[in-house]
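> Below is the sequence, then the predicted model.
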Number of protein chains: 2
Amino acid sequence: MTRTPPERPGRGRRPAAEVRRGILAVTADILLTDGVAGVTFDKIAAAAPASKATLYKWWPSPGALAAEAYFTHVEEQLQFDDTGNIEHDLRTQLHAHVALLNRPDVGPVIAKLIGAAQSDTELAEAWSRNYSTIRRRTAVERLQRAKEQGQIHPDVDVQVVVDQLWGACYHRLLIPDEPLSIEFADSLINNMSRGILVQA
Amino acid sequence: MTRTPPERPGRGRRPAAEVRRGILAVTADILLTDGVAGVTFDKIAAAAPASKATLYKWWPSPGALAAEAYFTHVEEQLQFDDTGNIEHDLRTQLHAHVALLNRPDVGPVIAKLIGAAQSDTELAEAWSRNYSTIRRRTAVERLQRAKEQGQIHPDVDVQVVVDQLWGACYHRLLIPDEPLSIEFADSLINNMSRGILVQA
């Protein structure tokens, strides 16, 4: 019979949710300092109030932990308001998103993470499950509500709007031929809101 | 005094443009078979009708050669028509673009190439210089012409339209949470053309 190593002394029993929050905070720090390559279970276990066994129990891979840590870290900054005016709320949200991607400790890390995901299936799945699909769902729900309120044309596929607003920002992050500026965010909204074509 | 090794025998002197075309074709083959990691000057020199010295003279890095080879390879398939109707021409072009990115020998290679560019500055510069800025310029020129003809609202920044059409496709290629389909391409155009918001 093998024995689980005892938890480190002097800490007492803490609720799992609190331990989890602590791990995610430590991981976000390491991610934004050292990038995704810095996120290893050894490093997190050494810095966080948790054993490596706990990390293995809760996350299938360091990539999964990194993606969830990033999601938790930015969740508050990327709140999606509902003031009742979809154009206003899209503008607020997109400004916050562009500001986040322009942070020197965030943009390059996210670009490298999405980059690494192109040849690391586990990381790609972790990013999708713990970050991108959740953010997508939040946006889709807000857009869907606006559609039900008659603010968005009834035949619009709101999933596609996500790619034309947030996806367009990722495009400028990953292929930086043109600036990812607040003016860009405003132009995205303007084009999307009323369309670019002069109707015949 | 060092001597340049003689060109391989039996080939005679061929025009530089022809040699260049041959190198680009061989490189595109290797890129689409083995990915960007397969594109080395050793491998190209062994397969192409040119010496390594020629490769070094014409391209600063294998990444630069790979990007130009890809551009040359897809150039014909990504022609931007001018029928006089911008909505029609955008649709034709975007359908071709989505079909290209969905080719099993193309999409994954391009995703990995853009992925690798996130942590390889030389590759990123090569991709920008030899592919993405050139494709962007082609689209911008076509959109600008439509604007001058009064088909696009005069205050639209046509650079932003590139991110909302082609950039949105790259978003679905790189973060594949939703399908990169022809229906998606059509929705991109529809949203962009007339806008998604019901005007008050």
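Thanks, I have it. Residues are numbered from 1 along each chain as shown, chains lettered A, B, ... in the order given.
> contacts, neighbours, all on C-alpha from now
Noted.
> Where do the helices of chain A begin and end?
A:16-34, A:41-47, A:52-58, A:62-75, A:86-102, A:107-117, A:121-127, A:133-148, A:158-174, A:182-194 (DSSP state H).
> nearest to B:A117, of the ones you listed?
helix A:107-117 (7.5 Å; C-alpha to C-alpha).
> when you compare where that closest one runs with where helix B:107-117 runs, what's the angle?
Counting by axes from the mean of the first three to the mean of the last three C-alpha atoms, to 10 degrees, helix A:107-117 points 140 degrees away from the direction of helix B:107-117.
> now the angle from helix A:107-117 to helix B:158-174?
40 degrees.
> So for helix A:107-117, mean pLDDT?
Averaging pLDDT along helix A:107-117 gives 94.
> Domain-wise, how is chain A divided?
The record's domain parsing of chain A by automatic domain parsing lists A:16-69, A:76-194.
> which one of the ones you listed lies closest to B:D29?
Using C-alpha to C-alpha, these put domain A:76-194 closest to B:D29, at 20.3 Å.
> Can you tell me how far A:Y131 is from chain B?
Separation of A:Y131 from chain B (C-alpha to the nearest C-alpha, to the nearest Å): 11 Å.
> thinking again about what came up before, make a markdown table out of the domains of chain A and add mean neighbour count.
Output for the domains of chain A, formatted as a markdown table (neighbours: other C-alpha atoms under 10 Å in any protein chain shown):
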| stretch | mean neighbour count |
| --- | --- |
| domain A:16-69 | 18 |
| domain A:76-194 | 19 |
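> any chance of these in a markdown table, plus distance to B:I23?
Formatted as a markdown table, those follow (distance: least, C-alpha to C-alpha, whole Å):
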| stretch | distance to B:I23 |
| --- | --- |
| domain A:16-69 | 36 |
| domain A:76-194 | 26 |
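> Residue ranges in chain A under the pLDDT threshold?
A:1-12, A:200 (pLDDT under 70).
> got JSON lines for the helices of chain A, with distance to chain B too?
Converted to JSON lines, the helices of chain A look like this (distance: least, C-alpha to the nearest C-alpha, whole Å):
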{"stretch": "helix A:16-34", "distance to chain B": "13"}
{"stretch": "helix A:41-47", "distance to chain B": "22"}
{"stretch": "helix A:52-58", "distance to chain B": "23"}
{"stretch": "helix A:62-75", "distance to chain B": "13"}
{"stretch": "helix A:86-102", "distance to chain B": "8"}
{"stretch": "helix A:107-117", "distance to chain B": "4"}
{"stretch": "helix A:121-127", "distance to chain B": "8"}
{"stretch": "helix A:133-148", "distance to chain B": "7"}
{"stretch": "helix A:158-174", "distance to chain B": "5"}
{"stretch": "helix A:182-194", "distance to chain B": "4"}
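> Distance check, A:S61 against chain B.
A:S61 is 19 Å from chain B, by C-alpha to the nearest C-alpha.
> Run through the residues that contact that residue.
By C-alpha atoms under 8 Å, 6 or more residues apart in numbering or on different chains, A:S61 lies in contact with A:E122.
> try 10 Å
By C-alpha atoms under 10 Å, 6 or more residues apart in numbering or on different chains, the residues touching A:S61 are A:V39, A:T40, A:F41, A:L55, A:E122, A:L123, A:A126.
> try A:W127
With contact taken as C-alpha under 10 Å, 6+ apart, A:W127 is in contact with A:63-68, A:70-71, A:113-114, A:117, A:121, A:133-134, B:175.
> so who does A:I196 touch?
Counting by C-alpha under 10 Å, 6+ apart, A:I196 has contacts A:190, B:147, B:151-158, B:161, B:191-195.
> Recalculate using a threshold of 8 Å.
Neighbour list for A:I196: B:I152, B:H153, B:V156, B:M192, B:S193, B:R194, B:G195 [criterion: C-alpha under 8 Å, 6+ apart].
> and what of A:G35?
With C-alpha under 8 Å, 6+ apart, A:G35 has these contacts: A:V109, A:K112, A:L113.
> at 6 Å what do you get?
Residues near A:G35 by C-alpha atoms under 6 Å, 6 or more residues apart in numbering or on different chains: A:V109.
> separation between it and B:L113?
Using C-alpha to C-alpha, to the nearest Å, A:G35 is found at 20 Å from B:L113.
> what's the closest of the helices of chain A to B:Q199?
Of these, nearest to B:Q199 by C-alpha to C-alpha is helix A:182-194, at 7.4 Å.
> Kindly export the closest one (C-alpha atoms) in PDB.
What follows is helix A:182-194, C-alpha atoms only, in PDB (Å, rounded to 0.1, in the frame of the first residue of the first chain):
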ATOM      1  CA  ILE A 182      -8.900  51.800 -29.800                       C
ATOM      2  CA  GLU A 183      -9.700  53.500 -33.100                       C
ATOM      3  CA  PHE A 184      -9.600  50.100 -34.700                       C
ATOM      4  CA  ALA A 185     -12.100  48.800 -32.100                       C
ATOM      5  CA  ASP A 186     -14.400  51.700 -32.800                       C
ATOM      6  CA  SER A 187     -14.200  51.000 -36.600                       C
ATOM      7  CA  LEU A 188     -15.000  47.300 -36.000                       C
ATOM      8  CA  ILE A 189     -18.200  48.300 -34.200                       C
ATOM      9  CA  ASN A 190     -19.100  51.000 -36.700                       C
ATOM     10  CA  ASN A 191     -18.700  48.600 -39.700                       C
ATOM     11  CA  MET A 192     -20.600  45.900 -37.900                       C
ATOM     12  CA  SER A 193     -23.400  48.100 -36.700                       C
ATOM     13  CA  ARG A 194     -24.600  49.700 -39.900                       C
END
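> quick check: angle from that helix to helix A:86-102?
Using the same axes, to 10 degrees: helix A:182-194 against helix A:86-102 is 150 degrees.
> Can you give the contact residues for helix A:182-194?
B:M192, B:G195, B:I196, B:L197.
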